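Novice: just to be clear, the model below is a prediction. Sequence and coordinates:
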Amino acid sequence: TRLRLVDPTLTSDFRKLDKPGFYRKTHDTIVFRRTKRIVNELEGETIFKGCEFKALVVDITEEEREFFDRLESTLHKMIEGSEKYSPQALLAVLLRKRASSGIQAAIKTLTKIAGTATVSKNFSHENVVKDLNRLFAMSFDEVELGDYEEELDDIVYSILEKYSGALSEGQKKALQEVLQLAWKAVQKDCKLEAVARIVAEHLRKGEKIVIFTEYVDTLEYLGANLLKYLEKQGVSLSEREVLTLSGKNRGDIEEINRRFERDARVLLSTDVASEGLNLQVASVLINYEAPWSPVKLEQRIGRIWRLGQEKDTVAYTVFLANDMDLDVLYNLYDKIMHIAKDTRSAKPLLGKEVYVASADNLWELGNYAYLDIGGKEKISEYELVLASLKGQLRSYVTTIIRTISALARELERNMVLPVMKAEEIKNELLKVLMSERWLNKQNVENLLEEYGREILAILDSRSLQTQLHGIVSCLLYTSDAADDMQCVDLGGR
């Protein structure tokens with residue numbers, strides 16, 4: 001797509017260029033990919049600030065624990081004996097994910113299911129897979145934030161409407177009992193209380209915060225309740241200082257951009273609406289529920305940790321101290337990330353347990369380098385959630401590592417990711433530039449300024465390309481110890 005914008009005449013079918021040979025030829029010629037660490041080493045200064053990843057475990061009330069324990073056991077029974085792509089399994093996965101987002105989202109989901117009559121309709125395997133793919137259309141390693149065209153809530157409610165009737169009366173009765181426990185547990189929200197503590201801490205430092213959630217239901221709940229929870233932490237914000245962005249108002253994204261850059265302090269957003277936001281004005285990101293995909297996690301972090309960010313950044317992911325969330329933390333995050341328990345004094349403020357890692361070296365792949373990855377296996381988020389419900393998530397770790405490793409090797413094989421170290425890049429540049437002075441940022445900026453002035457002077461020339469090459473050659477040589485060399489003719493001047 002980008003090459004088509006640069007030169008639409010390059011080929012009639014740009015898909016034919018998606019080959020290892022083309023990537024090898026264009027890497028470091030047309031396409032230059034550099035990690036943040038390499039850029040900092042090459043520049044000799046901190047162009048990209050640091051970014052710390054933190055996984056927080058938030059303690060819960062006894063009422064919340066009773067709700068989550070009963071929900072887990074009920075969902076486990078729902079999928080016993082059911083097929084992988086059955087309505088029961090699909091509904092169980094949806095409830096598992098919605099409950100992880102918040103008890104309020106779980107209440108809405110359970111209420112919708114409870115209000116649907118049981119029907120004896122034959123639900124085909126093909127239709128379930130088709131609807132499932134609307135929510136989990138991509139594999140574990142391929143998710144793109146910009147690829148969602150509709151909010152997940154809309155898809156969830158259409159699936160609930162379609163398949164809730166497949167549950168037996170006994171299953172619905174069990175879920176209604178879970179719903180009653182949810183209403184008792186919702187009286188105190190430990191998760192929002194912990195998030196408010198984090199937000200308040202960073203607001204006192206003058207920082208801006210972005211909070212991501214997958215669901216509009218959770219977004220609206222946060223929008224309606226965050227301010228009063230902040231007041232309990234001694235921080236008062238006006239309603240204008242907290243922005244919400246979802247598919248419902250993404251047509252206002254330019255105005256929201258301006259307000260967030262100017263005077264707003266907190267932005268609440270779903271993935272669907274966040275494409276195109278200038279989030280580097282914020283230095284703090286909070287994942288209200290844990291992303292199951294490492295690609296989604298990295299993309300969210302990249303929204304604030306990017307060129308133009310002037311502060312060190314931190315990205316939080318919140319887990320509740322219930323068995324379902326801890327299963328994801330211990331058998332997914334802890335196994336494949338460079339995270340370690342934080343023993344610093346901030347732990348009591350942030351949560352029951354805190355795990356930390358550097359965002360530029362997040363994935364723990366070195367210990368699995370011996371694996372024969374073979375063909376790249378595809379794992380969907382649906383399969384991971386279902387495995388967690390069955391108590392089998394741990395067995396997927398090796399497959400997940402294979403998936404991430406295969407993706408990394410594919411990128412390396414196609415020359416999409418850089419394999420050169422900063423020192424090697426400098427040596428390659430010296431072969432062309434012939435002087436270390438051109439590795440100095442200020443010297444290069446001075447050269448470009450002169451380059452620009454010369455361009456403006458010859459814009460009416462028919463041989464602009466030849467002239468530009470001559471200007472650069474002339475400036476390079478005359479700036480070094482070759483003052484006796486003649487510059488190329490610049491059109492008779």
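Specialist: Arrived safely, thanks for sending. Numbers count the residues shown, from 1 in each chain.

Novice: tell me where the stretch 251-400 of the chain has strands.
Specialist: Counting by DSSP state E, counting those that start in this stretch, the stretch 251-400 of the chain has these strands, from start to end: 266-269, 284-287, 313-320, 340-341, 353-358.

Novice: how about CSV for those, with mean pLDDT and distance to Ile107 added?
Specialist: All C-beta spots, glycine's among them, are computed from the backbone N, C-alpha and C. As requested, the strands of the stretch 251-400 of the chain are exported to CSV (pLDDT from 0 to 100; distance: least, Cβ to Cβ, whole Å):
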stretch, mean pLDDT, distance to Ile107
strand 266-269, 96, 20
strand 284-287, 96, 21
strand 313-320, 94, 16
strand 340-341, 76, 33
strand 353-358, 80, 27
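
Novice: need those strands in JSON lines with mean neighbour count and distance to Phe260, can you?
Specialist: Shown next, in JSON lines, are the strands of the stretch 251-400 of the chain (neighbours: other Cβ atoms under 10 Å; distance: least, Cβ to Cβ, whole Å):
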{"stretch": "strand 266-269", "mean neighbour count": "24", "distance to Phe260": "5"}
{"stretch": "strand 284-287", "mean neighbour count": "23", "distance to Phe260": "13"}
{"stretch": "strand 313-320", "mean neighbour count": "25", "distance to Phe260": "16"}
{"stretch": "strand 340-341", "mean neighbour count": "11", "distance to Phe260": "33"}
{"stretch": "strand 353-358", "mean neighbour count": "18", "distance to Phe260": "27"}
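
Novice: now tabulate these in TSV and tack on distance to His76.
Specialist: Putting the strands of the stretch 251-400 of the chain into TSV (distance: least, Cβ to Cβ, whole Å) gives the following:
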stretch	distance to His76
strand 266-269	33
strand 284-287	26
strand 313-320	18
strand 340-341	29
strand 353-358	25
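
Novice: which stretch among the ones you listed comes nearest Lys84?
Specialist: Nearest to Lys84, of all these, is strand 313-320, at 26.2 Å by Cβ to Cβ.

Novice: where do the helices of the stretch 101-250 of the chain begin and end?
Specialist: 103-114, 125-135, 152-163, 169-185, 190-204, 216-232 (DSSP state H, counting those that start in this stretch).

Novice: and the shortest one, what other elements does it pack with?
Specialist: Just to be clear, that refers to helix 125-135. helix 87-101, helix 152-163 (3 or more Cβ pairs under 8 Å, 6 or more residues apart in numbering; DSSP states H and E).

Novice: what is the last one packed up against?
Specialist: Helix 152-163 is packed against helix 87-101, helix 103-114, helix 125-135, helix 216-232, with contacts defined by 3+ Cβ pairs under 8 Å, 6+ apart.

Novice: tell me who's in contact with Thr11.
Specialist: Leu17 (Cβ atoms under 8 Å, 6 or more residues apart in numbering).

Novice: is it possible to get a markdown table of the helices of the stretch 101-250 of the chain that adds distance to Ala282 and mean pLDDT?
Specialist: Compiled in a markdown table, those are given as follows (distance: least, Cβ to Cβ, whole Å; pLDDT from 0 to 100):
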| stretch | distance to Ala282 | mean pLDDT |
| --- | --- | --- |
| helix 103-114 | 24 | 93 |
| helix 125-135 | 28 | 83 |
| helix 152-163 | 23 | 88 |
| helix 169-185 | 31 | 95 |
| helix 190-204 | 9 | 96 |
| helix 216-232 | 15 | 96 |
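
Novice: looking at those, which is nearest to Ser12?
Specialist: Closest to Ser12 of these is helix 125-135 (Cβ to Cβ; 31.7 Å).

Novice: in the closest one, what's buried?
Specialist: 128, 131-132, 135 (16 or more other Cβ atoms under 10 Å).

Novice: and if you look at stretch 227-238?
Specialist: For stretch 227-238, a neighbour-count test (16+ other Cβ under 10 Å) marks 227, 229-230, 233, 235, 237 as buried.

Novice: which residue packs closest to Leu332, ignoring adjacent ones?
Specialist: Distances taken as Cβ to Cβ, 6 or more residues apart in numbering place Leu393 nearest to Leu332, at 6.5 Å, with adjacent residues excluded.

Novice: what about that neighbour, how many residues close to it?
Specialist: 20 (other Cβ atoms under 10 Å).

Novice: next: the one 5 residues further on.
Specialist: Per other Cβ under 10 Å, the neighbour tally for Thr398 reads 13.

Novice: swap in the one 4 residues further on?
Specialist: Taking other Cβ under 10 Å as the neighbour definition, Arg402 ends up with a count of 19.

Novice: so which of the strands of the stretch 251-400 of the chain is nearest Ala114?
Specialist: Nearest to Ala114, of all the strands of the stretch 251-400 of the chain, is strand 313-320, at 23.3 Å by Cβ to Cβ.

Novice: what helices and strands are in contact with that closest one?
Specialist: Under the contact criterion of 3+ Cβ pairs under 8 Å, 6+ apart, strand 313-320 touches strand 51-58, helix 190-204, strand 284-287, helix 294-304, helix 323-328.

Novice: dump those to CSV, plus distance to Val210.
Specialist: Shown next, in CSV, are the helices and strands packed on strand 313-320 (distance: least, Cβ to Cβ, whole Å):
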stretch, distance to Val210
strand 51-58, 13
helix 190-204, 11
strand 284-287, 5
helix 294-304, 6
helix 323-328, 21
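
Novice: can you say which of those is nearest to Lys173?
Specialist: Taking the helices and strands packed on strand 313-320 one by one with Cβ to Cβ, helix 323-328 is closest: 21.7 Å.

Novice: now that closest one: how far from the chain's centre is it?
Specialist: Helix 323-328 sits 20 Å away from the centroid of its parent chain (Cα atoms, centre = their mean, to the nearest Å).

Novice: quick one: average confidence on it?
Specialist: Mean pLDDT, helix 323-328: 93.

Novice: now do the buried residues in that helix.
Specialist: Neighbour count says helix 323-328 has 324-325, 327-328 buried, by 16+ other Cβ under 10 Å.

Novice: what's the closest of those to Ala357?
Specialist: Val328 (15.7 Å).

Novice: ok, now which ones touch the closest one?
Specialist: Counting by Cβ under 8 Å, 6+ apart, Val328 has contacts 100, 290, 292, 319, 388, 393.
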